[in-house]
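A.B. asks: just to be clear, the model below is a prediction. Sequence and coordinates:
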Amino acid sequence: MAKSDTFFIRGSANFDNTGFTFQQSEIDLGSYVNALAKTILKVHSVSVQYGNPTQVPTGTGPFNTKCSFQLTTQSQTGAVTLTDRSVVSSGKLAVGFGAANELTVLAEDMDVGPQYWQDGYLIATEQIYLGVQTGADIGLTGVQIVLECSVETMTQSAAMALALSQQ
């Protein structure tokens, strides 16, 4: 497979802070992926930011909640598990507040990401989808991601088979 130098693709999706509503945004890959022209995208790693740099989780305790993200090759109507073949990456930020509204738990966990695989994650779809969900309003606006990627070529039949398997 021929490949390019790495580059970065960015995306974001906002939370519906009224609670529990799944939100999704589309990231267009049409400039990089064309199964008929035999080009696919290899995602080497995913970096995640919850909220923006000035935001700190806030809440009226005591309660625990989480905000989660998923990056998929298919549009979704809600969160999916890792057994769904469209999942590229997923993770969560767990947050807990005590009775005095103090932050007692703050833990980030990436369930899976391309950086965990030996050779990244190949994508042959022209769009990917960033889905986010939070269990409560904790003062964060959403999730931003940065993907480190490269473009590679495959045979046309292999690229088409990969594209079909991800739809």
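C.D. replies: Yep, it's here. Numbers count the residues shown, from 1 in each chain.
A.B. asks: so what's the residue count around Arg85?
C.D. replies: 12 (other CB atoms under 10 Å). Where you see a C-beta, it was placed from the backbone N, CA and C, and this is true even at glycine.
A.B. asks: SS state for it?
C.D. replies: Under DSSP: H, G, I helix; E, B strand; the rest coil, the three-state class of Arg85 is coil.
A.B. asks: do the same with the one 3 residues further on
C.D. replies: Three-state call for Val88 (three-state DSSP): strand.
A.B. asks: quick one: contacts for it?
C.D. replies: Listed by CB atoms under 8 Å, 6 or more residues apart in numbering, the contact partners of Val88 are Val43, Val46, Leu71, Thr72, Thr73, Pro114, Tyr121, Ile123, Ile128.
A.B. asks: bridge partners for the most centrally placed residue in the chain, pull those for me.
C.D. replies: For the chain, Leu71 is the residue whose C-alpha lies nearest the centre (CA atoms, centre = their mean; 3.1 Å). Note on Leu71: beta-bridge partners Ser89, Leu130, judged by DSSP bridges.
A.B. asks: not counting its neighbours along the chain, what's nearest the residue lying farthest from the centre of the chain?
C.D. replies: Most distant from the centre of the chain: Ala100, at 33.0 Å, with distances by CA atoms, centre = their mean. Spatial nearest neighbour of Ala100, excluding adjacent residues (CB to CB, 6 or more residues apart in numbering): Gly61 at 7.0 Å.
A.B. asks: quick one: that neighbour from Gln55, how far?
C.D. replies: Distance, Gly61 to Gln55, by CB to CB, to the nearest Å: 18 Å.
A.B. asks: and what of Gly91?
C.D. replies: 18 Å.
A.B. asks: neighbour count winner among these two?
C.D. replies: The residue with more neighbours, out of Gly91 and Gln55, is Gly91; 21 against 14, by other CB under 10 Å.
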